[in-house]
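**Student:** sequence? don't have it. structure:
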């Protein structure tokens, strides 16, 4: 079975040093071999747009196999059911970010899921909502700026969440949306100033960090 062969190859590239390094960066290594992203990306080039293989790799539960699955899956074949299933398996920030930025943001459900998941209580599912917002701001280049305006109310609402992986994702989304255009920059600054007034330490950090970047960034497009 091809997925078994790939697992064997991944395991051969894993090292205790890489695994320890992953742990230092807050990555969950419970089911990880310790394979570098460079190796995973190199392997992905041989299996692009292979939906069935992606499903098999994800089902192995191995951390690197799941990241590889997100790299090789065909976004045109991804369903809402699959997205809901995979997002519930997120147990590490890097798996969340890689899956959202390499696959989920290219599906037709991305904008809806970004908003929907921002309401969820599970830490990595909520993070996935805001990470999707951030990646969409970068990758959805043909999408009108107005499509991003509804995200601001979700950013403002969840700025009170003090969990590290959530507040950093809220901050990331706010900055990336703001850097998309002059128009969105002005809107993002207004929202950041509103967030700054909230009586929560997480909100004050999100706002201060975002404003530090948005108030000085030069947008030419």
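**Tutor:** Ah, there it is. Worth saying up front: this structure is predicted, and the values here are computed from it rather than measured. Numbering: from 1, shown residues only.
**Student:** And the spatially most central residue of the chain, how far from residue 68?
**Tutor:** Among the residues of the chain, the one closest to the centroid is residue 97, at 2.8 Å (Cα atoms, centre = their mean). Residue 97 sits 15 Å away from residue 68 when distances are taken as Cβ to Cβ, to the nearest Å. Bear in mind the C-beta positions are built from the backbone N, C-alpha and C, glycine included.
**Student:** quick one on the thing from earlier: any idea how far the residue nearest to the centre of the chain is from residue 201?
**Tutor:** Taking Cβ to Cβ, one finds residue 97 at 24 Å from residue 201.
**Student:** Equivalent analysis for residue 122, please.
**Tutor:** Going from residue 122 to residue 201 by Cβ to Cβ gives 22 Å.
**Student:** Would you enumerate the residues in contact with residue 53?
**Tutor:** Residue 53 makes contacts with 2-3, 6, 47, 69, 72, as judged by Cβ atoms under 8 Å, 6 or more residues apart in numbering.
**Student:** got the buried residues for stretch 51-64?
**Tutor:** Residues of stretch 51-64 classed as buried by neighbour count (16 or more other Cβ atoms under 10 Å): 51, 53-58, 60, 62-64.
**Student:** Give the helix, strand or coil label for residue 137.
**Tutor:** helix (DSSP: H, G, I helix; E, B strand; the rest coil).
**Student:** nearest spatial neighbour of it, skipping sequence neighbours?
**Tutor:** Nearest residue to residue 137, sequence neighbours excluded (Cβ to Cβ, 6 or more residues apart in numbering): residue 176, at 4.1 Å.
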